[in-house]
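Trainee: here is my input, please return the structure:
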Amino acid sequence: MKSRIIFCALLCLALLNGQARAADCDEAKNPEDSDFKHFFKSISCKVKQGAEDVADAAKPYTDKIGEGAKELGSSVVEKYKELKHRLTDDASTPKSTLVAQVDAPTERVPLAPIAPTVPAEIMGNAQPIAG
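Mentor: Numbers count the residues shown, from 1 in each chain. As a prediction, this is how the structure comes out:
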């Protein structure tokens, strides 16, 4: 929504600026203008006209996109309200508590040793590795 407002404001500024320069585009080359200045004036007029043509051609598409966005937004709001009402209705109904009480003692399982223990008789027969 904010982007549409910003876009409309920029479009209005561009149109107001374009109306001031429209007189420059309609006029022939002033004798006091240099060729350099006249070249850029004609380029800016052509770019402005092209931008207006693109804006006119894109208007139906932007209108369809805007309508689709409004429909999507309203459907999301409706779904949100339905969900919100369903959750608040569910919260107001009393729930049965199904908490299982465990009265039996729990078993203790011994943990495995971290490092394997080697029997002393194997360690006594161990021969160093010569390298």
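Trainee: any idea how far Tyr61 is from Leu72?
Mentor: 16 Å (Cβ to Cβ, to the nearest Å). Heads up, the C-betas are built off the backbone N, CA and C, glycines and all.
Trainee: could you list the low-confidence segments of this structure?
Mentor: Scanning the chain for pLDDT under 70 picks out 1, 8-24, 26-31, 91-104, 113, 115-120, 122-131.
Trainee: let's see it at 50
Mentor: 20-21 (pLDDT under 50).
Trainee: and the strand or helix carrying Glu71, what does it pack onto?
Mentor: Per DSSP states H and E, Glu71 falls inside helix 35-92. The helices and strands touching helix 35-92, judged by 3 or more Cβ pairs under 8 Å, 6 or more residues apart in numbering; DSSP states H and E, are helix 2-26.
Trainee: now do the same contact list for Gly4.
Mentor: Actually, residue 4 is Arg. It isn't Gly. Gly66 (Cβ atoms under 8 Å, 6 or more residues apart in numbering).
Trainee: show me what stretch 68-79 is in contact with.
Mentor: So stretch 68-79 is contacted by nothing (Cβ under 8 Å, 6+ apart).
Trainee: which of the residues in that stretch are buried?
Mentor: Using 16 or more other Cβ atoms under 10 Å as the test for burial, stretch 68-79 gives no buried residues.
Trainee: so Asp33 touches Lys41, yeah?
Mentor: Yes. Counting by Cβ atoms under 8 Å, Lys41 is a contact partner of Asp33 at 7.4 Å.
Trainee: who has more neighbours out of the two?
Mentor: Ranked by neighbour count (other Cβ atoms under 10 Å), Asp33 and Lys41 place Lys41 first, with 17 against 14.
Trainee: return the distance of that one relative to Val77.
Mentor: As defined by Cβ to Cβ, Lys41 lies at a distance of 50 Å from Val77.
Trainee: next: Lys46.
Mentor: With Cβ to Cβ as the criterion, Lys46 and Val77 are 45 Å apart.
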